[in-house]
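A.B. asks: Below: sequence and its predicted model.
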Amino acid sequence: MPELHKVDWLIYNALVLTLEPGEAPLTHGFVAIQGSQITAVGQASAARDLPPARESLDAGGSLVLPGLINTHCHAPMVWFRGLADDLALKDWLKRFIFPAEAGWLNRERVYLGALLAAAEMLRGGITTVADGYFYEAEVRRALAEAGLRGVTAQGVVDFPAPGVPEPRDNLRVAEDFIAAGGEFSGRGLISTLFCHSAYTCGSETLARAKDLTRRLNLPFFLHLAETRQEVEDITRQTGLKPAVYLDRLGLLDDHTVAVHAVWLDPEEQELLAERGVKVSHCPESNAKLAAGVAPLPDLLARRVTVGLGTDGAASNNNLDLWGEMSLAARLHKVWRGDPTLLPAAQTVALATREGARVLGLGNRIGTLAPGKEADLIVVDLEQPHLTPLYDPFSHVVYAARAADVRHVMVGGRWLLWDRKFTTLDWPALARRVRSESLSLAAFCRKFA
C-alpha cells in the first residue's frame, strides 16, 4: 500500500481484471487514481484497508478492466455505414466508397463523422483508437474534443484524395499534419501517417513515407495482404509476395503495423516475426467482405504482437470491440477445428494489453497497474445475460456487450458517466448527422 494520502479517485468493491500477465481477477478490487495516473491497484475486503480519496465510486456488481484499444479504424467512414453492403471489396471501393469520398466528403463532414465515431467508441468502452483517413487533422480535433486517446494517421495514396487533389503532394500534406500535431501530444494523441496499401501507393511513395516515420520514430501503418486478389496482383507486378516486396523496400520493422494480414504464407509470417512487425486483426470486416480468415494462431505461435481492430464502419458495420473479441475467439476455433484456440483470457488481452503493444504504448496503457495512465472502463454485471458469473474473462468474450459499459475514464477523466457523455452533446450531434446524411443519400443515388 502506498503512503496514505488522499487520491483524486477511488474505485472500489469491484471485480477487477488488471490484465497484467499472470494476475488473477481481484474479487474485492480497487483502483486508486491521482491526476491522470493509477497510483495503486489491490484487493481490500474492508473499508479500513482502502486508501482515502476525494471522490469515490462504489463499483459493487461491476467489472473494472483496462479501456479497450482499437488498433485500426477509419473513423469518418461511419457516414457510409449501410450505404453499400454485400459487395466484393473491389466493387465496394470503386463503385461506392471512392466516389463518395471524392465527391461528398469535406473537412467539416470528416470532423462530424469523427465525433460520431468517438461517441460510438466511448459507449462501447474504447479508450484508444488508431485511426487513418483523409483530412485527418479534423479527426484529431474531434478525438481531442471527445477526450479519446489515439494514434491519428494522415492517409496517403497515389491518386487524388479528399484534401489532396494533387497526388504528388501526399507526403508533404502528411508531413505538415505530423508537424502540427505537437499541440495534441499532451492530450494523448500521436500524429503519423498511413499508407493505404501497396496497390494504391507506388514503391517510391512507400519508401519515402517509411523513411519519414522512421526518422521521427513514429508508427507506420498500411493494409497488407487483405485479399487474395491483392496478393495475386502484387505478385504479378513485382514477382514477390506482398510482405517480401515491402521488406525489399525497407518497410518492415518493429514500428510497422500491418493491418489485416490475411493472405500471408508461412514464409511471410516468419518474416513479420523476424522484423518485429505488429499486426491489427479485423475479423468482422474481413468476414463481411469475404476477404478471408487471417492466420492468427500461426502469427501468435511465432510471437507476433497482435491487437484487434474494427476497421471502418462501412465494412463492419460498427465500431464495437466486444463483437470483435467474440468473433475472433469463435472464428479461429471453427476455422481450424480446434476449440482450444484463442481462449478467453488471451482474447481479452488482444483487445487491451496487446493492442497497446501494437501501438507502441505498452508502457503507458493496456493494463491496470501503478504508474500507468488511468484508462479504464466499468461494466455493469447486474444483468440477466451476465448472471451467474464464474469466469469474468469468459463473460467479456462470450456474453458481454458494448451496451453493458457504464462508465469510461481516460487519463483520470470520466468521459462516460452512467452511460451519459460528459464531453459530447449527443442529441445535437445526432441531429446534425441525420441532416447531413440526407445529402449523402442523394449523392449516392447518382452512381448506385
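C.D. replies: It's in.

A.B. asks: Just the buried residues of the strand or helix carrying residue 330, please?
C.D. replies: Per DSSP states H and E: residue 330 is located in helix 321-336. Under the neighbour-count criterion of 16 or more other Cβ atoms under 10 Å, helix 321-336 has 321-333, 336 buried. Glycine gets a C-beta too; all of them are placed from N, C-alpha and C.

A.B. asks: and if you look at stretch 130-149?
C.D. replies: Quick answer for stretch 130-149 (16+ other Cβ under 10 Å): 130-144, 146-149.

A.B. asks: Export only the CA atoms of stretch 217-231, formatted as CSV.
C.D. replies: Coordinates of each C-alpha in stretch 217-231 appear next as CSV, following Å, rounded to 0.1, in the frame of the first residue of the first chain:
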residue,chain,number,x,y,z
ASN,A,217,10.4,7.5,-34.5
LEU,A,218,6.7,7.1,-35.3
PRO,A,219,4.5,4.1,-36.1
PHE,A,220,3.8,3.4,-39.7
PHE,A,221,0.5,1.8,-40.8
LEU,A,222,-0.6,0.1,-44.0
HIS,A,223,-3.1,-2.6,-45.2
LEU,A,224,-1.3,-5.8,-46.0
ALA,A,225,-2.5,-8.9,-47.8
GLU,A,226,-6.1,-8.2,-47.1
THR,A,227,-7.5,-10.1,-50.1
ARG,A,228,-6.4,-12.9,-52.4
GLN,A,229,-6.7,-10.5,-55.4
GLU,A,230,-4.2,-8.1,-53.8
VAL,A,231,-1.7,-10.9,-53.3
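
A.B. asks: In that stretch, which of the residues would be classed as buried?
C.D. replies: By neighbour count on 16+ other Cβ under 10 Å, the buried set for stretch 217-231 is 218-227, 230-231.

A.B. asks: Same check on stretch 282-292?
C.D. replies: 282-286, 288-289, 291-292.

A.B. asks: just stretch 175-184 next, same as before
C.D. replies: Residues of stretch 175-184 classed as buried under the neighbour-count rule (16+ other Cβ under 10 Å) are 175, 177-178, 181, 184.

A.B. asks: which of those has the weakest pLDDT?
C.D. replies: Lowest model confidence among those falls on residue 184, which carries 93.

A.B. asks: Give me the residues contacting the one helix or strand it maps to.
C.D. replies: Element membership for residue 184 (DSSP H and E) is helix 182-185. Helix 182-185 has contacts (Cβ atoms under 8 Å, 6 or more residues apart in numbering) with 140, 144, 152, 191.

A.B. asks: Could you single out the nearest of the buried residues of stretch 282-292 to residue 406?
C.D. replies: Nearest to residue 406 out of the buried residues of stretch 282-292 is residue 284 (Cβ to Cβ; 23.9 Å).

A.B. asks: Secondary structure element for that closest one, which one?
C.D. replies: Under the assignment here (DSSP H and E), residue 284 is part of helix 283-288.

A.B. asks: Send me that helix as CSV with only the CA atoms.
C.D. replies: What follows is helix 283-288, C-alpha atoms only, in CSV (Å, rounded to 0.1, in the frame of the first residue of the first chain):
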residue,chain,number,x,y,z
PRO,A,283,-12.2,-10.3,-38.2
GLU,A,284,-15.6,-8.7,-38.7
SER,A,285,-14.5,-6.6,-41.6
ASN,A,286,-12.7,-9.5,-43.2
ALA,A,287,-15.7,-11.7,-42.8
LYS,A,288,-18.2,-9.2,-44.2
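
A.B. asks: neighbouring contacts of that helix?
C.D. replies: 85, 226, 260, 262, 291-294, 308, 310-312, 315-318, 323-324, 327-328, 331.

A.B. asks: list the buried ones in the lowest-mean-pLDDT helix or strand in the chain?
C.D. replies: Least confident helix or strand, the chain: helix 89-91 with a mean of 80, by mean pLDDT, DSSP states H and E. For helix 89-91, burial by neighbour count (16+ other Cβ under 10 Å) applies to residue 89.

A.B. asks: Now do the same contact list for residue 83.
C.D. replies: 96, 100, 314, 440-441, 444.

A.B. asks: measure it to residue 439 for me?
C.D. replies: In this view, residue 83 and residue 439 are 13 Å apart by Cβ to Cβ, to the nearest Å.

A.B. asks: picking up where we left off before, next step: the buried residues of stretch 130-149 restricted to helices.
C.D. replies: 136-144, 146 (DSSP state H).

A.B. asks: Pick the one among those closest to residue 30.
C.D. replies: residue 146 (27.4 Å).
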